[in-house]
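Trainee: After the sequence you'll find the predicted model.
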Amino acid sequence: EPEVTQTPSHQVTQMGQEVILRCVPISNHLYFYWYRQILGQKVEFLVSFYNNEISEKSEIFDDQFSVERPDGSNFTLKIRSTKLEDSAMYFCASSFYLGTGGAEQFFGPGTRLTVL
Amino acid sequence: ELKVEQNPLFLSMQEGKNYTIYCNYSTTSDRLYWYRQDPGKSLESLFVLLSNGAVKQEGRLMASLDTKARLSTLHITAAVHDLSATYFCAVDITGNQFYFGTGTSLTVIP
């Protein structure tokens, strides 16, 4: 069964460093998303991506964040200069369009980012 | 800003009992989703509700959507231990931006 994969599973970095989180969405999906979840809290939307451009982004997704689909399979989230408060689990998701405005999202296993 | 609230936040129930989790949201939408998250794991899609009055059932779980009341419910019938997890609802208002609820942590006690 196809699934969304993410690497690495855990990333430890120093404050101010750049990190790139990688995701391989399900191959026939067209919509891609990044979310974060601070430990014990709710899931927060960061950004959605379709047709090689950002569709929507939240207030969290400021200039420190960027997304890219560098080739036909990978979808990356870059944080340029990490802060302590960026420590969280980051989930990638992908979906196909359901034709009625809805989208069933399939989530990857997550990357735990720890900023020291 | 769209608010999505779930209650209860924590639910401890005995095996065999029934209970309902509520998801209220603050703006018009007819697209609502339910997810399950096991501790330390990712999110698993449970239900996609795309119209007023939509009802979906899978095993011991049934979800419904009332867009006029801006309310979705997740009903658990005859709970079993395997249903212990955190359940999230999520609302989509733009077609591509999803707001998650606060989550309901369910523990089913033998």
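Mentor: Received the coordinates, thanks.

Trainee: Only the buried residues of stretch A:105-116, if you could.
Mentor: A:105-113, A:115 (16 or more other Cβ atoms under 10 Å in any protein chain shown). Every residue, glycine included, has its C-beta placed from N, CA and C.

Trainee: which residue packs closest to residue 6, ignoring adjacent ones?
Mentor: Answering for chain A, as no chain was given. Spatial nearest neighbour of residue A:6, chain neighbours left out: residue A:108 (4.0 Å); criterion: Cβ to Cβ, 6 or more residues apart in numbering or on different chains.

Trainee: right idea, wrong chain: chain B
Mentor: Closest to residue B:6 by Cβ to Cβ, 6+ apart is residue B:101, at 4.1 Å.

Trainee: show me where chain A has strands.
Mentor: Assigned by DSSP state E, chain A shows strands spanning A:5-7, A:10-13, A:19-24, A:31-37, A:43-50, A:53-57, A:65-68, A:75-79, A:88-95, A:105-107, A:111-115.

Trainee: Report the mean per-residue pLDDT for the second one.
Mentor: Right, the one you point to is strand A:10-13. What strand A:10-13 shows for mean pLDDT is 97.

Trainee: now it, how far from the chain's geometric center?
Mentor: 15 Å (Cα atoms, centre = their mean, to the nearest Å).

Trainee: for it, packing partners?
Mentor: Where contact means 3 or more Cβ pairs under 8 Å, 6 or more residues apart in numbering or on different chains; DSSP states H and E, strand A:10-13 is packed against strand A:19-24, strand A:111-115.

Trainee: just so I know, which of the ones you listed lies nearest chain B?
Mentor: Closest approach to chain B among the helices and strands packed on strand A:10-13 is made by strand A:111-115 (9.3 Å; Cβ to the nearest Cβ).

Trainee: First-to-last residue distance for stretch A:19-36?
Mentor: Its start and end residues considered, stretch A:19-36 measures 15 Å (Cα to Cα, to the nearest Å).

Trainee: And it, what's buried?
Mentor: Neighbour-count burial for stretch A:19-36, counted by 16+ other Cβ under 10 Å, picks out A:19, A:21-26, A:29, A:31-36.

Trainee: what do you get for stretch B:26-44?
Mentor: Neighbour counts over stretch B:26-44 (16+ other Cβ under 10 Å) mark B:29-37, B:42-43 as buried.

Trainee: which among those are in contact with chain A?
Mentor: For chain A, the contacts drawn from the buried residues of stretch B:26-44 by Cβ under 8 Å from any Cβ of the partner chain are B:30-31, B:33, B:35, B:42-43.

Trainee: Now tell me what touches stretch B:58-65 from outside.
Mentor: With Cβ atoms under 8 Å, 6 or more residues apart in numbering or on different chains as the test, stretch B:58-65 has contacts from B:30, B:32, B:34, B:46-47, B:49, B:51-57, B:71-80, B:83.

Trainee: still on that earlier bit, from the ones next to chain A among the buried residues of stretch B:26-44, which two are the most distant?
Mentor: Greatest spacing in these, by Cβ to Cβ: B:30 and B:42 (26.3 Å).

Trainee: dump the residue contacts of the closest residue to residue A:16 other than its chain neighbours.
Mentor: Closest residue to residue A:16 apart from its sequence neighbours, by Cβ to Cβ, 6+ apart: residue A:81 at 5.3 Å. Contact partners of residue A:81, counting by Cβ under 8 Å, 6+ apart, are A:16-18, A:64.

Trainee: Put together CSV for the residues you listed, with pLDDT and neighbour count on each row.
Mentor: Shown next, in CSV, are those (pLDDT from 0 to 100; neighbours: other Cβ atoms under 10 Å in any protein chain shown):
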residue, pLDDT, neighbour count
A:16, 97, 10
A:17, 97, 13
A:18, 97, 11
A:64, 95, 14
